[in-house]
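A.B. asks: How does the following fold in three dimensions:
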Amino acid sequence: MEPKNPGADLGRDSSVDHRALFLAVPTPVLVLDTRLVIVEANEAYLTATMRSRDELVGRPVFDAFPDNPDDPSASGVSMWGASLRRVLSERVTDVMAIQKYDIPRPDGGFDTRFWAPANAPVFGPGGELRWILHRTEDVTVFMQARQNSASLEELTAQLRTRTEQMAAEVFARRELQHQNETLHALLDSLDTAVVGCDAAGSPVLFNEGARQLFGDLLDGVPVDEWAQHLAVFHPDGRRMHGEDLPLARALRGERVRDAEIVVRASAAPRRYFRANGRPVTGQPGLAAVVALHEVTLHRRAARYKECELEISRLIAKPNPPDEILARLVEVIGRMAGWVTVEMWSVDHVAQVLRRAGCWAEPGYDLPCRLPGPLLYGQGIPGRAWQTAEPVWAANLHAHPDAAQQTTDWGPLRAALATPIPSGSVILAVLICYSDTTEVPDDTRTAIMTGIGAHLGEFLARRHAEQLAVELNQSRDEYIALVGHELRTPLTSVQAYTEVMLDDPDATEDQRSMLQVMRRNTDTLHGIVMKLLDVSGMRSGHIDLNAQPMDLTTVVDAAADAARAGSTEVSVEVNTPPTAPLHGDPGRLRQVVDELLSNALTWAAPGTTVGVNLHTDQHTATLAVSNTGHRIPADERDRLFHMFFRSDTARHGGIPGTGLGLTIARTIIEQHGGTITVSEPDEAATTFTIRLPTRQAVTAGTRPAST
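C.D. replies: All right, here's what the predicted structure looks like:
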């Protein structure tokens, strides 16, 4: 952190030679490592102990300073060793009592000395214990002067007090310096900008993050003038005045909480910050402080998330595709923070890109006015089409693909082109422009790729829906055409066949051929009627002549007709005396006939088709079962699909149109009922119909004639 005012005691002179200061300290100081080996001594210590640096450095301390062998009561090594071990284990400063510790003389023998020592730990940057400072004072003269007037214990107490005071002063200063260094390192490591100012509004305290954000404004420019030099905005886009800045508000005595500001440098993207600040009291030279935490990425992610949600909402609407695409282009521009957005659609026939939509903020409509179409690989959109990957043009004025569209991009600086895929096919390209120099980043690329995937699904779905509508219309028209065009000549053939059969002069051979004609025309007539039913069903309903009826009568009649037409399979019926309900007897007979015909077709010879009808207060349930060829699991869900015929039926020569079950389901549903088929693993194949007994038929019905 850099202080603006050196007198505020917030900075330090990096040119200070700390080793020179250590050597010149007038108090004797010895430096030991954690193995109690001497690593350094200052000049005062060398003088007091009558040693040179070469004699001490690198030697274990008690080898350099042993006890006096001529003094049996010598305890210097044990007392000093105990103090050093306390420092190593407890990591605290230990002040020792005055002790007699003789030192070797250069000429031999020992010199009697009294010392007032203290030992203190010194920690490294990671908090580990690196060294021990042994600071001592030679108090021999003091001890000898007072030896006759006071006891050793009294002198020790006095000197202990003095020593503790001196130690407190020395090590408190060192601790304060260490704390300041730690605080400076901590603040400079933050990604939060911290700025403090004095009472006049001049910056006096700031870290590296603040320097990168505010630059030269920290060199004496009062905070209330910053808005004149820096583009700072409120979140809603309004320009901030000097008094609105968070630091200026804190200087006026206001506590600032989560204030959001937008900073925009020239040709650089907007940066969003959340500011917290407060006034400072009791600190000379510091009146207010503010911290600004950048939330640009969070804001951008939230904005893109909102954009994706709005896109999902829009593409779910049933509006025409062109209308939705125009709205999507605008939403992407406004909500994702682009100044211009283009949509280019791929013309797969001509193999070119054509502009399908363009939105721009006022003054940024240059791309909308550039000529088209673009060839495969031409321009930024063409490159995205060619590579099927997002393409960043971080500098439009120097990008080779951008130059293929125009050499003058005006206020636009960067662009991102995103292909819109449907599987492996590119349907369109979305290109977004920015008026600031952009640094390509994976986050925005991934988000825009996701948006492109959403748009691709939308375009593919709408294309499929359009094809489905056209196909349905064509199929409906074809079915109606075939049904109506066949019915008229078929009716004539049937009528003339009946007339010829009534001719008494017809021979037996002629009558036999006419009966074959009648059977085939009846079959063909049934197919035509099914086609007309399908046409009605495709239009939304089948006409019903609903009336009170007895389902038992219908089922019994259908069973009798089925027995008459089958010799190898029997039909067993179980019905109640009556089964009243409200429905169309003719249409329900058509359903029962279809189920019985289907059961007889697939039943094994010699088996029985079961028909069971039962009712309760609310429903009538009819089940038609047969044993024989089972329905494959992969065909079960398609049984009621229009024109579906199983592989066995098609390859086995079994006649049919694939319309009977489709029409049967439509008739039952028009009656408010359901029709289902049993699971493939069951022993018998059973079609089950459930019909309401009292519920009036509403959809697609007409009242009975009176």
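A.B. asks: Spell out the residue ranges of the helices in the stretch 251-400 of the chain.
C.D. replies: For the stretch 251-400 of the chain, applying DSSP state H, counting those that start in this stretch gives helices covering 296-315, 321-336, 366-369, 379-387, 400-403.
A.B. asks: just checking, what packs against the first one?
C.D. replies: Yep, that's helix 296-315 we're talking about. Using 3 or more C-beta pairs under 8 Å, 6 or more residues apart in numbering; DSSP states H and E as the contact test, the elements touching helix 296-315 are strand 271-279, helix 321-336, helix 442-501. Backbone N, C-alpha and C define where each C-beta goes, glycine included.
A.B. asks: So which bits of it are buried?
C.D. replies: With burial defined by 16 or more other C-beta atoms under 10 Å, the residues of helix 296-315 counted as buried are 299-300, 304, 307-308, 310-311, 314-315.
A.B. asks: Same list, the residues you listed, but as CSV with pLDDT and distance to residue 511 please.
C.D. replies: Below are those laid out as CSV (pLDDT from 0 to 100; distance: C-beta to C-beta, whole Å):
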residue, pLDDT, distance to residue 511
299, 75, 92
300, 74, 89
304, 76, 83
307, 78, 80
308, 77, 77
310, 80, 76
311, 78, 73
314, 78, 71
315, 75, 67
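A.B. asks: Would you map the helices across the stretch 501-650 of the chain?
C.D. replies: For the stretch 501-650 of the chain, applying DSSP H, counting those that start in this stretch gives helices covering 508-538, 551-564, 585-602, 633-636, 647-651.
A.B. asks: Out of those helices, flag the one nearest residue 576.
C.D. replies: Nearest of the helices of the stretch 501-650 of the chain to residue 576, taken as C-beta to C-beta: helix 551-564 at 6.1 Å.
A.B. asks: Correct me if wrong: residue 667 contacts residue 587.
C.D. replies: Yes: the pair residue 667 / residue 587 is scored as a contact, 4.9 Å apart, by C-beta atoms under 8 Å.
A.B. asks: distance of the residue lying closest to residue 61 once chain neighbours are set aside from residue 396?
C.D. replies: Of all residues not flanking residue 61 in the chain, residue 36 sits nearest, at 5.2 Å (C-beta to C-beta, 6 or more residues apart in numbering). Distance, residue 36 to residue 396, by C-beta to C-beta, to the nearest Å: 69 Å.
A.B. asks: Turn the helices and strands packed on helix 296-315 into JSON lines, including mean pLDDT.
C.D. replies: Below are those laid out as JSON lines (pLDDT from 0 to 100):
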{"stretch": "strand 271-279", "mean pLDDT": "88"}
{"stretch": "helix 321-336", "mean pLDDT": "82"}
{"stretch": "helix 442-501", "mean pLDDT": "70"}
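A.B. asks: Including mean neighbour count and distance to residue 259, could the ones you listed go into a markdown table?
C.D. replies: Shown next, in a markdown table, are these (neighbours: other C-beta atoms under 10 Å; distance: least, C-beta to C-beta, whole Å):
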| stretch | mean neighbour count | distance to residue 259 |
| --- | --- | --- |
| strand 271-279 | 19 | 5 |
| helix 321-336 | 19 | 24 |
| helix 442-501 | 14 | 26 |
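A.B. asks: out of these, which comes closest to residue 212?
C.D. replies: Closest among those, using C-beta to C-beta: strand 271-279, at 10.9 Å.
A.B. asks: Now for the residue lying closest to residue 603 once chain neighbours are set aside: which residues touch it?
C.D. replies: Counting by C-beta to C-beta, 6+ apart, residue 603 lies nearest to residue 626, which is 4.0 Å off, once chain neighbours are set aside. Contact analysis of residue 626 by C-beta atoms under 8 Å, 6 or more residues apart in numbering lists 569, 599-600, 602-603, 607, 609-610, 684-685.
A.B. asks: Which of the residues in stretch 59-72 are classified as buried?
C.D. replies: 61, 64-65, 67-68.
A.B. asks: just checking, which of those residues belong to helices?
C.D. replies: Under the assignment DSSP state H, the buried residues of stretch 59-72 contribute 61, 64 to helices.
A.B. asks: ok, which pair from the buried residues of stretch 59-72 is furthest apart?
C.D. replies: Applying C-beta to C-beta across these, the maximum distance is between 61 and 68, 15.8 Å.
A.B. asks: related to what we said a few turns ago, closest to residue 42 out of the helices of the stretch 501-650 of the chain?
C.D. replies: helix 633-636 (94.0 Å).
A.B. asks: Figure out how far the closest one is from the centre of its chain.
C.D. replies: Computed by C-alpha atoms, centre = their mean, to the nearest Å, the chain-centroid distance of helix 633-636 equals 39 Å.
A.B. asks: Check stretch 620-634 too.
C.D. replies: On C-alpha atoms, centre = their mean, the centre of stretch 620-634 falls 48 Å from that of its chain.
A.B. asks: and what of stretch 587-605?
C.D. replies: 55 Å.
A.B. asks: follow-up on the earlier one: was I right to think the residue nearest to residue 61 contacts residue 63?
C.D. replies: No: with contact defined as C-beta under 8 Å, residue 36 does not count as touching residue 63 (9.8 Å).
A.B. asks: number of nearby residues for the spatially closest residue to residue 677 that is not a sequence neighbour?
C.D. replies: Closest residue in space to residue 677, ignoring its immediate chain neighbours: residue 687 at 5.5 Å, by C-beta to C-beta, 6+ apart. By other C-beta atoms under 10 Å, 22 other residues sit near residue 687.
A.B. asks: Residue 687 - that's part of a strand, no?
C.D. replies: Yes: judged by DSSP: H, G, I helix; E, B strand; the rest coil, residue 687 forms part of a strand.
A.B. asks: and it, what does it touch?
C.D. replies: 595, 598-599, 623-625, 675-678.
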